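Q: Kindly generate the corresponding structure for this input.
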Amino acid sequence: MNIYQHTQRGKFILLAMLIATVGVVVGGLAFRPILFTVPIFVLCAWLFHSLTIEVTGGELRWRFGPGLLRKRVALDMIVSAEPVRTNVIEGWGIHLSRFGWLYNVSGFDAVAIKMKNGQHFALGTDEPEQLLARLKAARAGQTPS
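A: Numbers count the residues shown, from 1 in each chain. Next comes the predicted model:
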């Protein structure tokens, strides 16, 4: 049973990949070996064009783009969840941040999650309050409203 599902589009990532690709193609006219990076930019744009977050009856799941990069955690392993703001330095994509691993495609709103095993991470979202409400309801065993 899906309690929550939301997909956020990575507009800035797509724009950055487009600008980088155009820059490489223009630069590649003078220096052809640089053109090998174009497929890398296209692959990154395809992999990170969106982030989908789902809360099911027993899991929190998230996946980038087509779903090749995905993770999940059991809801009963979550100790706390709170809204946070990332900054430009923390950026977008998948990497370590002050909240642990950060999974983000756009914007600066996120939900920081702390787990029973001591791990922590943050999920970027343009709906932090809705995600928090659904996580709270799912962890309490309530049905969504």
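
Q: Return the distance of the lengthiest helix in the chain from the chain's centre.
A: Taking DSSP state H as the assignment, the helix of the chain that covers the most residues is helix 11-28. Taking the mean of its C-alpha atoms, helix 11-28 sits 21 Å from the chain's own mean (CA atoms, centre = their mean, to the nearest Å).

Q: before we move on, what about stretch 91-102?
A: Stretch 91-102 has its C-alpha centroid displaced from the chain centroid by 9 Å (CA atoms, centre = their mean).

Q: Ends of it, what's the gap?
A: Across stretch 91-102, the straight-line distance between its terminal residues is 9 Å, by CA to CA, to the nearest Å.

Q: Can you show me the strands along the chain?
A: 2-9, 50-56, 59-64, 69-74, 78-85, 93-97, 100-104, 109-115, 120-124 (DSSP state E).

Q: any chance of the ones you listed in TSV, with mean neighbour count, distance to Ala133 and mean pLDDT too?
A: Where C-beta positions appear, they are placed from N, C-alpha and C, glycine not excepted. Formatted as TSV, the strands of the chain follow (neighbours: other CB atoms under 10 Å; distance: least, CB to CB, whole Å; pLDDT from 0 to 100):
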stretch	mean neighbour count	distance to Ala133	mean pLDDT
strand 2-9	15	9	92
strand 50-56	20	10	95
strand 59-64	19	13	96
strand 69-74	14	18	96
strand 78-85	14	10	96
strand 93-97	15	24	91
strand 100-104	20	20	95
strand 109-115	20	11	97
strand 120-124	22	14	97
